[in-house]
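Asker: just the structure for this:
(one chain, ligands or ions: 1)
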Amino acid sequence: MKGVINKGIKEMIEAQHGIDKWEEVRKNAGCEDIFFSVTEDYPDDLTIRLFQSAGEALSMSVEDLMMEFGKFWINETGRKTYPQIFQIAGKDARNFLRNMNRIHLQATQSIPDAAPPRFEYDDLPDGRLAMHYFGRKETISMLKGLILGVGIYFNQDMEIEEKHGMRDGASCTIMVRFK
Ligand code: HEM
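Answerer: Residues are numbered from 1 along each chain as shown. As a prediction, the model looks like this:
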């Protein structure tokens with residue numbers, strides 16, 4: 001997983017709970033890296049261990065923590081790391097979410113071993129957007145937080161629902177209702 005995810009976990013814990021808490025999380029996860037390069041690849045299991053360790057340190061479920069992380073990442077780490085991409089990625093939440101294949105290819109094109117997520121979309125007659133997610137199952141809660149984070153970024157209320165079995169090969173489908 002790219003370092004920009006691990007960097008986000010560090011930034012969120014430090015900003016919300018202080019540097020000492022981050023040190024506790026880092027050590028309990030067996031993580032020897034003191035900082036993370038945003039262009040470097042790190043083992044997937046390190047990211048998962050960081051999420052688990054943070055959940056334990058903050059007495060939160062890993063799912064809740066990943067959701068919080070997704071919201072934080074969009075509005076803090078992602079926004080600061082990729083300002084140009086945020087400028088061109090879309091004029092509202094639906095547009096932005098619909099651009100995610102292009103954005104992920106652009107953000108990872110010069111990085112060997114990148115494994116960006118892929119999405120297929122359906123615009124439903126009732127206005128909802130179905131996002132069929134092709135990526136790691138372990139990060140579905142993070143995916144939901146990232147989607148909600150886009151709503152916060154555009155100041156747009158939205159509701160999401162996780163569904164399964166809607167598209168062959170997809171890890172899940174997130175139904176997004178814009179309000
Ligand atoms: C401009 C905004 C964004 C940028 C620059 C960006 C960039 C990235 C990068 C660099 C990775 C790591 C890829 C890898 O490890 O090879 C990643 C992972 C991921 N991103 Fe984004 N991202 C953005 C917004 C979003 C949004 C809005 C969503 C949700 C719809 C999303 C969903 C994900 C997921 C689920 C993963 C993990 C994939 C997996 O575990 O298989 N990203 N993103």
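Asker: alpha carbons only for contacts and neighbour counts from here, please
Answerer: Will do.
Asker: out of everything not next to it in sequence, what's closest to residue 14?
Answerer: residue 22 (5.8 Å; CA to CA, 6 or more residues apart in numbering).
Asker: return the distance of the one you found relative to residue 31.
Answerer: Per CA to CA, to the nearest Å, residue 22 is found 11 Å from residue 31.
Asker: settle it for me: which of these two has more neighbours?
Answerer: Each of residue 22 and residue 31 has its neighbours counted (other CA atoms under 10 Å); residue 22 has more, 23 against 14.
Asker: what is the subsequent helix or strand relative to the helix or strand hosting that one?
Answerer: Taking DSSP states H and E as the criterion, residue 22 maps to helix 19-28. Reading on from helix 19-28 to the C-terminus, the next helix or strand found by DSSP H and E is helix 44-57.
Asker: sort out which residues of that next one are buried, please.
Answerer: Of all the residues in helix 44-57, those buried under the rule 16 or more other CA atoms under 10 Å are 46, 47, 48, 49, 50, 51, 52, 53, 54, 55.
Asker: ok, stretch 69-84 next?
Answerer: Under the neighbour-count rule (16+ other CA under 10 Å), stretch 69-84 has 69, 70, 71, 72, 73, 74, 75, 76, 77, 78, 79 buried.
Asker: check stretch 147-162 too.
Answerer: 147, 148, 149, 150, 151, 152, 153, 158, 160.
Asker: start to end distance for that stretch?
Answerer: 12 Å.
Asker: the helices in this structure, which residues?
Answerer: Here the chain has its helices, by DSSP state H, at 3-17, 19-28, 44-57, 62-73, 79-81, 83-88, 93-98, 100-108, 140-153.
Asker: how far off helix 44-57 does the longest one point, in degrees?
Answerer: For the pair helix 3-17 and helix 44-57, the angle between their directions (axes from the mean of the first three to the mean of the last three CA atoms, to 10 degrees) equals 10 degrees.
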